[in-house]
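Engineer: Model the following, please.
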Amino acid sequence: MCECRHMADYEKLKYDINEIPLAEAVRTVLGVPDLEGLEVSDKVATREEDQKTRYHELFYKNYESAINPLYRKLVAALLGEERLKEVYIQRVPTFRVHLRNSVAVGTWHRDKDFGHDPSEVNYWVPMTRAFGNNTVWIDKQNVDAEYGEVVVFDGANQLHGNVVNDTPISRVSMDFRVLARADYRPNEKRSVSNDVPFLLGHYWDVP
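Structural biologist: The predicted model follows:
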């Protein structure tokens, strides 16, 4: 079961990291002993570069076998059986790496600016400690979160982004979007992160 608490511009959910050990799976896929200890970047990533690290390559290459089963389990835990019947989910979540001295996302934005449906809801899933300047910012407010928490917000319409990570650790996370089936409108525009059309069977999937 998820524990929820309401915040000013977002909501936090909790899940059991022993039942859904995402961080352990990602650490194995990346071949690193500690997600918080990734190297310091020698430059600040741009929007064009923020999905092109070797960590992203490893995550997506091993996604189906190592991450997808846990992702599906997480979605079911967060949304519940009844709501799952009413929504589509992002087929492959977006992976983020916020190295020290860099950013995880190269531009501040509202997702609708990049072709997303205004009705989407964002779920942001940290797999490390997220705080200070290594975390996501929503409407210019940094959002502290721990592994095992999920931040839910209106990313399609709320301005969000991040700043250069000057904390002592790297932050690793993933995020995904949920759309009510009643609000689904086929959209041939393509996602910025993974260049797939906003269509069922491509960007969207049945939970």
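
Engineer: longest helix of the protein?
Structural biologist: As assigned by DSSP state H, the longest helix anywhere in the chain is helix 68-79.

Engineer: which residues touch that helix?
Structural biologist: 1-2, 13, 15-16, 19-22, 25, 84, 87, 89, 92-93, 123, 125, 150, 174, 176, 178, 207 (CB atoms under 8 Å, 6 or more residues apart in numbering). Any C-beta I mention is one placed from the backbone N, CA and C, and that applies to glycine too.

Engineer: Could you check how far Thr25 is from Leu99?
Structural biologist: One correction, residue 25 is Ala, not Thr. 20 Å (CB to CB, to the nearest Å).

Engineer: can you check Asn18 too?
Structural biologist: 28 Å.

Engineer: which of the two has more neighbours?
Structural biologist: When Asn18 is set against Leu99 and neighbours are counted by other CB atoms under 10 Å, the residue ahead is Leu99, at 24 against 8.

Engineer: Tell me the pLDDT of that one.
Structural biologist: For Leu99, the pLDDT comes out at 98.

Engineer: Let the chain start at 588 from now.
Structural biologist: Happy to do that; since the first residue is 588 now, the last one works out to Leu686.

Engineer: Apart from its chain neighbours, what residue comes closest to it?
Structural biologist: Nearest in space to Leu686, with sequence neighbours left out and distances taken as CB to CB, 6 or more residues apart in numbering, is Ser628 at 4.1 Å.

Engineer: which SSE is the one you found in?
Structural biologist: Per DSSP states H and E, Ser628 falls between elements, in no helix or strand.

Engineer: Setting the sequence-adjacent residues aside, check what's closest to Pro755.
Structural biologist: Nearest one to Pro755, counting by CB to CB, 6+ apart, is Arg687 at 7.6 Å.

Engineer: Contact partners for the one you found?
Structural biologist: Leu625, Val627, Ser628, Asn721, Asn752, Asp753, Thr754, Pro755, Ile756, Ser757.

Engineer: Gly735 - how many residues pack around it?
Structural biologist: For Gly735, using other CB under 10 Å, the count is 18.

Engineer: show me what contacts it?
Structural biologist: So Gly735 contacts Lys601, Tyr602, Asp603, Ile604 (CB under 8 Å, 6+ apart).

Engineer: Between those, which sits nearest Gly788?
Structural biologist: For these, the closest approach to Gly788 (CB to CB) belongs to Tyr602, at 26.8 Å.

Engineer: give the contact list for the closest one.
Structural biologist: Applying CB under 8 Å, 6+ apart, we find Tyr602 in contact with Cys589, Leu661, Ala664, Leu665, Gly735, Val737.
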